[in-house]
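Asker: fold the following for me, if possible:
(chains A, B and C)
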Amino acid sequence: MSTTNVGDSLGVVLTINGKRHMLEVEPRRSLSDVIREDVGLTGTHLGCEHGVCGACTVLVDGQPARSCLMLAVQADETEITTIEGLADGDELHPIQQAMHESHGFQCGFCTPGFLMSTVALLSENPQPNRSEIRAELSGNLCRCTGYQSIVDGVETAVSLLNEAQGNQP
Amino acid sequence: MKNPAFIYHRPVGLDETLSLLADVGHDAKILAGGQSLLPTMALRLGPPEQLIDISRVPGLDGISVSATGEVTVGALVRHATVEHSADVGRYAPLVAETMPYIGHRAIRNRGTLVGSIAHADPAAELPAVCLALNATLRAVSTDGTRDIPAAEFFEGYLQTALKPNELLQQVTFPAWPSTSGGALVEVSRRHGDYALVGLACALDVRDGVVASASLAFFSVGSTAQRVSEAEAHLVGSEPSAELFARAAEVVSEALNPAPDVHGTTAYRKHLAGVLTERGLSQATAAIGVPA
Amino acid sequence: MSNTTQQSGLGFVGQSVKRVEDQRLLTGKGCYVADIEPEGVLHAVFVRSPLAHARVTSIDVDAARRAPGVAAVFTGADIVEATNPFPPFLMLPNLYTPLHWALSDKKVRMVGDPVALVLATSRYLAEDAAELVEVDYEPLDAVASISDALAADSEPLWEKADGNVVYDQTDTYGDVDAVFAAADRVITERFSCQRQANQPMETRGSVIEVDPDTGHLTVHNATQSSHMLRWIIAALADKQSTPSSLKSFVANKERRNAFVSAAKDFVSTNADSLQEQDNAGMISQVKADKSTLVHLQRIALGLLGRDNYPTVKAQDIGGGFGAKGSIAREDVALAAAAIKLGRSVKWIEDRVENLTDGGHAREETLEVAVAVDNDGTLRGMKVDLIVDQGAYPGFPVGAPFATRIMKVMFPGSYKFDAYGLRTRVVSTNKGKYVAYRGPWANETWARERMLDVVARALRMSPTDLRLKNMIGEADMPTKMITGPTLDETMSTKKTLERAIELVDLDAFATAKEEAAKAGRRLGIGFACYHEAAPGPPDYLTSVNPGTDALSAETARTTVQADGSVVVYTGQMPHGQSHETTYAQVVADELGVGIEDVELVWGNTDRTPFSVLGTGGSRGGPMGGGSVKYSSRKVRDLINHQAAEMLEASPSDIEIIDGNIHVAGVPARGLSFGEVAAAAAAGAAPTDAAFEATVDYGGHGDGGWSTATHVCFVDVDLSTGIVTIPRYLVVEDCGPVINPAIVDGQVRGGVAQGIGAVLYESSIYDSDANLQATTYMDYLIPTAAEIPDIEVHHIETLSPGENDFRGVGEGGMIGAPAAITNAVEDALSDLGARVTDQYLPPSRILELAGII
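Answerer: Next up, the predicted model:
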């Protein structure tokens, strides 16, 4: 049992993109703020802070979650993947490469959320059809593209991932 | 839009949780998945002074099926777990059918089924499902345990029969007879939105006639609500399009949803009727068919 | 990152070159304003009015000042004392523009009106403290709608205005009365468009750094116009008394000379434009508010007396759609606070604030009367337009200027013998009006909706009526009745003809009949328009004499002494992919690769001046033109230098993949580094070896962009849900620089148009309380609602030299008309008449007579 009073902090351990962070955070602070401010990973964006736009989506233990709708203390001892954890050094993740090839995005603000949701979508359903892609990505808002290029990007990602798997011995 | 300050408790046992509730329950809210609570915190809409995070309380994260087919879901079971549960699909098909309508995947990964019920949002699906299925809600406190029928649980807008010192420990959905069929139908403006109007319905048909019917609507008032007049109209008759159309008229008459920015009263009454017909015909088709 | 489809030598312009921006934006390495966190920065929260219209009787900030982490609290009175008001920017005849300050002190005029500014060590603590600010209000009657504002007894928002109608102007072309009297029929309809919000996914925000030694401000900001923001902060945030400014100006000879030479330069460059200006606007403004001159004088002298102008640095911007072209009152308050405190401050608007005060648009009523002969010949049009500009005028460009564009464009691509427009702009207790992607677009919506109404009345097909009256190639060159010249780039008719071929109207008619038997209602709607992109030389003159001077763009192309190519633009990209498209243009001019071109934008210390930055579909034509011609000049300089080194004629120099050589002799080529080093012998590597600056206004090259949109709808009469099984756009913005990017602009605009009709409404109640303050109530359509959108291109060449024409706004201009026309078509057998732009499911069933 622990009780943390107003203004006090609590220790949390977050493993973000494979790196362990031992942090002291006030319980009221959102996971998104802690990722951005305490850990310094600003690729995760805040679009609405009330759980609708999806820009702040990260993977918590492999599953997509709105980081604005989690307290950092709720994420204690979890493994978190953010947009910064997708590429392998300079080598883009196939989903990033696919979005590049499909001209997926414009202003880039919603992008991290879409990419993380796409990672989750394709891990659960590696061959989604267009309407499944649209339904699954409906928790992420984009104001620039009209979505078509993003859906195209997911389809391209499916091909790239299949190719990558086919190439493996 | 940042959360206000609060005292944060993280109990690690049920007894601790209940003593805490006994002490500070008046000023506290339970934090499970947080998907309904945290947006209201961020908007600073009457936030609680204390949060009791029950995520480390053991024994609350299970789904169990009794020998008679009752399905019990614990307070920490997330929507996604329910969605993927074979037991729920088999023994509580209407609950399984409801899951994809709840928000989006990221919300279902964090939010809990019991939390959604305790939050008692009149636009949410699960309170209506509880009403339609006559679920039993178990409240625990230092005073003991009490089982509350769903019909007595939802008291008003975000108001339930839970006392400040009580934790909603689990929900139990009664056994689902093979003669029953259910449907969750709703119309929302966008994919994943709260419904403009929704209906959870269950129909039990024996010897060709409706033995029992439940029609529980959501997004039609300050709580989810059953329309007993329409249910009574169905019982004892053979299921048919004409019967359902008549039930729809009764529903449209009976309900009087308040208007909001998404739809007028007249629209919602109409929609409730349309959904009645859709829901009942889907429920009829679903009899004996596992989800 | 691989650019597999991209090869130099073939020309990059015209290819779907992969985006240069992606390397950082897809990997989380972009830098948006929220990502900037200077050491020791104070976080800002604005205390906002919960009432729509009220006098502020007292404000108590003591408790907030004592709250944990709070560094300072500024009230409205503090900020009014420290700053200059927002002055009128474009003074139109018969317009009153209220002077207003960054914070409100004695009176609030909208829910969300900022009355105090709290600065604390964290945003959390600042929000805590803001809750402790106590404000007493004495409520006034709220002006919640256009009809409220027109009422004789409506409570005036602005004491110096004559009621709440701040602009009333009538313009006529031709003999309207005679034409209407002579026509066979006059058909009238009144249309109404709901309030919408731009809603970029990134809200507004500002981080203002203060140099502790010099006091110099560096303003990081999500702005579409970094130079405008710089000037406004310099002008408003630090009020100086007129005598002290004057003394400082007179004492500094260097500054005096610089001013005189800049003024001479401006006057000589814009002589024609200045000659067209008259003083009628200034006279009507000053007549209403004599203090205007005092404030303008203080502002002007304050600017002249300053040593130190802020630097604005804008980097990645998460969309704007016009909203970030407005200067936020908040930015001026923040800068004033930073100056007072000598400390850096940061404000990232939250979504509730953004939905409330981040910019609204398009709340307009339009009564349209069309005089038409029975054979379908359009004769005349009369329009009565009323625009709800909300509480505060958008700055620099708000509703009144948008109405001037509406005035010119209302007749569209059709022939009329006469046309008249009465325009009124009203003040209401609602969010401020800002430009939103084609801010004049309701002229297209109302006209194209009206043409369907007329066609139905005459029992003609909507496409036949349009084709019969549309100005086509055979009519060129001609003029719109409102003034602007139409050349062959006004190709609307070609786009309509192509669209008709693509949709197969006969097949649709059959499908519609079949569907009706099954209880489904299908509809089809067309919408046609042309837009100035940039328009001919007489376009802006027709809009408002003297405005041309605002529209030019400047680019500076350089080759550094180390051979690298760096291009500087005053454009302020925020999603439009300028780094890619401008690199394509430069690479073609200079014979280098895309990756060899670096684009510099957003930093006012480094970039050329631009009044408007990015907006108005100007990035392609003006920005692209300036980049092209500055690069062409640099190419000439390189040719000359290389010719000397290779002992050849400049005209024989060829550059392929950065190899500068005599045509046909690539083996004896020189690198950019070698040629640049020779030209800049002795200079530092970052000095420019070659440099050219070009100011390009597009005029003379002229040009319109045109399109026809076709929307198919499927209306579910049981639920009122409208789906769009097919949507297509035939557009002509001339030869495209990058087809994928152009398609993205068109589709994004159409998606916002779909949102406008089916999902989005910034609705207020009768007390002027905003009802859509979260994303649960303001519905941005998702991937599940927006269909695939076919985009077809016609590429009409311009008679001028530069063929880049604008395309950013068009998608949203055409979509609302096409969709609403399709809905009326679907419900036509039920007698539905669609006069609202906003058609949520309940409205659909009302129109169908079902509820």
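Asker: which helix or which strand is home to B:Asp204?
Answerer: strand B:195-206 (DSSP states H and E).
Asker: so does that strand get close to chain A?
Answerer: No. Strand B:195-206 does not reach chain A (CB under 8 Å from any CB of the partner chain); its nearest approach is 14.9 Å. (C-beta placed from N, C-alpha, C; glycine too.)
Asker: quick check: C:Gly806 touching C:Gly615?
Answerer: No. Proximity of C:Gly806 to C:Gly615 does not meet the contact threshold set by CB atoms under 8 Å, at 10.2 Å.
Asker: centre-most residue in chain B?
Answerer: With the centre of chain B defined as its mean C-alpha position, the nearest residue by CA atoms, centre = their mean is B:Leu126, 1.9 Å away.
Asker: can you pull the contacts of it?
Answerer: B:Thr98, B:Ile102, B:Leu113, B:Ser116, B:Ile117 (CB atoms under 8 Å, 6 or more residues apart in numbering or on different chains).
Asker: quick check: it vs chain A, distance?
Answerer: Here B:Leu126 is placed at a distance of 17 Å from chain A (CB to the nearest CB, to the nearest Å).
Asker: confidence score at that residue?
Answerer: You'll see B:Leu126 listed with a pLDDT of 98.
Asker: ok and the residue in chain B nearest chain A?
Answerer: Residue nearest to chain A within chain B (CB to the nearest CB): B:His104, separated by 2.8 Å.
Asker: dump the residue contacts of the residue nearest to that residue when sequence neighbours are not counted.
Answerer: Residue nearest to B:His104 in three dimensions, not counting chain neighbours: A:Gly139, with 2.8 Å by CB to CB, 6 or more residues apart in numbering or on different chains. Residues in contact with A:Gly139 (CB under 8 Å, 6+ apart) are A:Gly54, A:Thr57, A:Ser117, B:Gly103, B:His104, B:Arg105, B:Ala106, B:Ile107, B:Gly192, C:Thr782.
Asker: just the ones of the residues you listed in strands?
Answerer: A:Thr57 (DSSP state E).
Asker: mind giving me the domain ranges of the chain?
Answerer: Went with chain A since none was named. Here chain A is described, according to automatic domain parsing, as comprising the domains A:10-85, A:94-167.
Asker: wrong one, chain B
Answerer: For chain B, the domain assignment from automatic domain parsing gives the residue ranges B:7-53, B:180-286.
Asker: swap in chain C?
Answerer: Under the assignment automatic domain parsing, the domains of chain C span C:33-140+C:199-357, C:360-539+C:701-847, C:552-696.
Asker: dump those domains into CSV; add mean pLDDT and distance to B:Ala283 as well.
Answerer: Formatted as CSV, those follow (pLDDT from 0 to 100; distance: least, CB to CB, whole Å):
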stretch, mean pLDDT, distance to B:Ala283
domain C:33-140+C:199-357, 94, 39
domain C:360-539+C:701-847, 96, 18
domain C:552-696, 93, 47
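Asker: out of these, nearest to A:Glu91?
Answerer: Closest approach to A:Glu91 among the domains of chain C is made by domain C:552-696 (17.3 Å; CB to CB).
Asker: for the stretch 651-800 of chain C, what lies in contact range of chain A?
Answerer: C:740-741, C:743-744, C:747-752, C:774-776, C:780, C:782-786, C:788-789.
Asker: one more pass at 7 Å, please.
Answerer: Within reach of chain A by CB under 7 Å from any CB of the partner chain, the stretch 651-800 of chain C has these residues: C:740-741, C:744, C:747-748, C:750-751, C:774-776, C:780, C:782-784, C:786, C:788-789.
Asker: close to chain B: what parts of chain A are there?
Answerer: Close to chain B, as judged by CB under 7 Å from any CB, chain A has residues A:1-7, A:27-28, A:30, A:49-51, A:54, A:57, A:63-66, A:69-70, A:73-74, A:120, A:135-136, A:138-139.
Asker: these in helices, which ones?
Answerer: Using DSSP state H, A:Ala120, A:Ala135, A:Glu136 are the members of the residues of chain A next to chain B that sit in helices.
Asker: any idea how many residues pack against the closest residue to the first one other than its chain neighbours?
Answerer: If I follow you right, that is A:Ala120. Leaving aside its sequence neighbours, A:Ala120 sits nearest to A:Pro64 (CB to CB, 6+ apart; 4.2 Å). Counted with other CB atoms under 10 Å in any protein chain shown, residues neighbouring A:Pro64 total 30.
Asker: is it true that C:Tyr727 lies in a helix?
Answerer: No. Applying DSSP: H, G, I helix; E, B strand; the rest coil, one finds C:Tyr727 to be strand, outside a helix.
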